[in-house]
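Q: just a sequence and a predicted model for now, questions to come.
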Amino acid sequence: MSADGLVLSGVDVALDRTPIVHAVSCSLAPGGWLALIGPNGAGKSTLLRAVAGLLPHRGTVHVHGTDVGRLPTRDRARLIAYVPQTPVLPPDMTVRDYVLLGRTPHLGYLATPGERDRATAARTLADLDLAHYADRRLAALSGGERQRAALARALAQEPRLLLLDEPTSALDLGHQQHVLDLVDTLRRTQPLTVVTTLHDLTTAAQYADHLLLLHQGRTEAAGPPADVITQALIARVYQARVTVTPDPDGRPVVTPLRGR
Ligand SMILES: Nc1ncnc2c1ncn2[C@@H]1O[C@H](COP(=O)(O)OP(=O)(O)OP(=O)(O)O)[C@@H](O)[C@H]1O
């Protein structure tokens, strides 16, 4: 057993017998934020789904000291919330009822949501700026509103580990900052550990305290943002022209350069 927030040991994942993720290991303190970065097809979503318990894999995943591979689905759902890159939402359900579904792992068998469950759902709706859409059908939301509804449901789950696949891909700049700041506050004030995939390297470096750069399913680099995001490494792994400069806190800012 371990007191760490998240420990991956030798995680291998294959899809249809094709090896996709190879021997990924890493360890994150409780309240830590890990960003999985890497080019298209590197294996980020596959690794995230394996950690969520949705794909068979070799190796072990411990969350706050518990080996999640040994947990029944319901217990795992109390511990881990996962939001995929493109969540499929039931179109006719109201936003409120959908967010309340996040409470399901905490309810007794055949029990209906109680006052505390409703209060938690109402709070997460407000946190995600969705309170005024609570009675709307999910089909009547915009893309960004739908992405926030999926996140609200995950937060209503009150997990110990929050797994988010490109959580801000549909959000405008203000909502991106609002959502990432909210997750940042939660992980600093609750026993919540966070793993996100993020394509925007500057954003990843701003929020995460640990980056894991995947390339062709293998760990190319891992560590604090300033150690992982270097001009030479980004040029090699992404085939991209960039400059990397530190912000006032020493976190790397990546600026893409036009081809000449
Ligand atoms: N069933 C499958 N069999 C074999 N390979 C697959 C299968 N499904 C997906 N892949 C491949 O696995 C690789 C990893 O995919 P994954 O979605 O994990 O990448 P990613 O890093 O999240 O990419 P992106 O940044 O584009 O979202 C890709 O090359 C993809 O084509």
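A: Sure thing, it's come through. Numbering: from 1, shown residues only.
Q: give me the nearest residue to the spatially most central residue of the chain, chain neighbours excluded.
A: The chain has Leu164 as the residue nearest its centroid, 2.0 Å off, counting by CA atoms, centre = their mean. Distances taken as CB to CB, 6 or more residues apart in numbering place Thr196 nearest to Leu164, at 4.4 Å, with adjacent residues excluded. Yep, even glycine has a C-beta here, placed from its N, CA and C like the rest.
Q: remind me what the host helix or strand of the one you found packs against, helices and strands.
A: Per DSSP states H and E: Thr196 is located in strand 193-197. Judged by 3 or more CB pairs under 8 Å, 6 or more residues apart in numbering; DSSP states H and E, strand 193-197 is in contact with strand 33-37, helix 44-51, strand 161-165, helix 173-189.
Q: run through who's touching it.
A: Contact with strand 193-197 is made by 5-6, 28-37, 44-45, 48, 51, 63-64, 85, 160-167, 183, 187, 204, 207-208, as judged by CB atoms under 8 Å, 6 or more residues apart in numbering.
Q: tell me the contacts of Ala139?
A: Listed by CB under 8 Å, 6+ apart, the contact set of Ala139 reads Pro91, Asp92.
Q: next one: it from Ala122, what distance?
A: Ala139 is 22 Å from Ala122, where distance means CB to CB, to the nearest Å.
Q: for the stretch 1-150 of the chain, what spans make up the helices?
A: Assigned by DSSP state H, counting those that start in this stretch, the helices in the stretch 1-150 of the chain fall at 44-51, 73-79, 95-100, 115-127, 143-156.
Q: okay, now Arg96: neighbour count?
A: 19 (other CB atoms under 10 Å).
Q: how about the residues of this structure by the ligand?
A: Counting by CB under 6 Å from any ligand atom, the residues of the chain close to the ligand are Leu15, Asp16, Thr18, Ile20, Gly38, Asn40, Gly41, Ala42, Gly43, Lys44, Ser45, Thr46.
Q: which pair in those residues spans the largest distance?
A: Using CB to CB, the two most remote members of those are Asp16 and Gly38, lying 20.8 Å apart.
Q: these two: which is more packed in?
A: Neighbours were counted for Asp16 and for Gly38 using other CB under 10 Å; Gly38 has more, 24 against 5.
Q: what's the closest non-adjacent residue to the more buried one?
A: Leaving out its chain neighbours, the residue that sits closest to Gly38 by CB to CB, 6+ apart is Leu214, at 3.7 Å.
Q: run a quick neighbour tally on Asp247.
A: Residues near Asp247, counting by other CB under 10 Å, number 11.
Q: what sits against it?
A: The contact partners of Asp247, by CB under 8 Å, 6+ apart, come to Gln206, Val253.
Q: return the distance of it relative to Ala131.
A: Using CB to CB, Asp247 is found at 34 Å from Ala131.
Q: got it, and Gly144?
A: Applying CB to CB, the value for Gly144 to Ala131 is 16 Å.
Q: check the separation of the first and last residues in stretch 50-58.
A: End-to-end span of stretch 50-58 (CA to CA, to the nearest Å): 9 Å.
Q: hmm, who's touching that stretch?
A: If you take CB under 8 Å, 6+ apart as the criterion, stretch 50-58 is touched by 6, 8, 10-13, 15, 21, 46, 49, 61, 68-69, 71, 73, 76, 80, 82, 161, 163, 195.
Q: can you list the low-confidence ranges for the stretch 151-260 of the chain?
A: 260 (pLDDT under 70).
Q: nearest residue to Thr104 other than its sequence neighbours?
A: Nearest one to Thr104, counting by CB to CB, 6+ apart, is Ala77 at 7.4 Å.
Q: before we move on, what about Thr245?
A: Thr245 sits nearest to Val253 (CB to CB, 6+ apart), 5.3 Å away.
Q: identify the residues contacting that neighbour.
A: Thr202, Ala205, Val244, Thr245, Pro246, Asp247.
Q: that one and Thr202: what is the separation?
A: Distance, Val253 to Thr202, using CB to CB: 5 Å.
Q: then Gly143?
A: Using CB to CB, Gly143 is found at 23 Å from Thr202.
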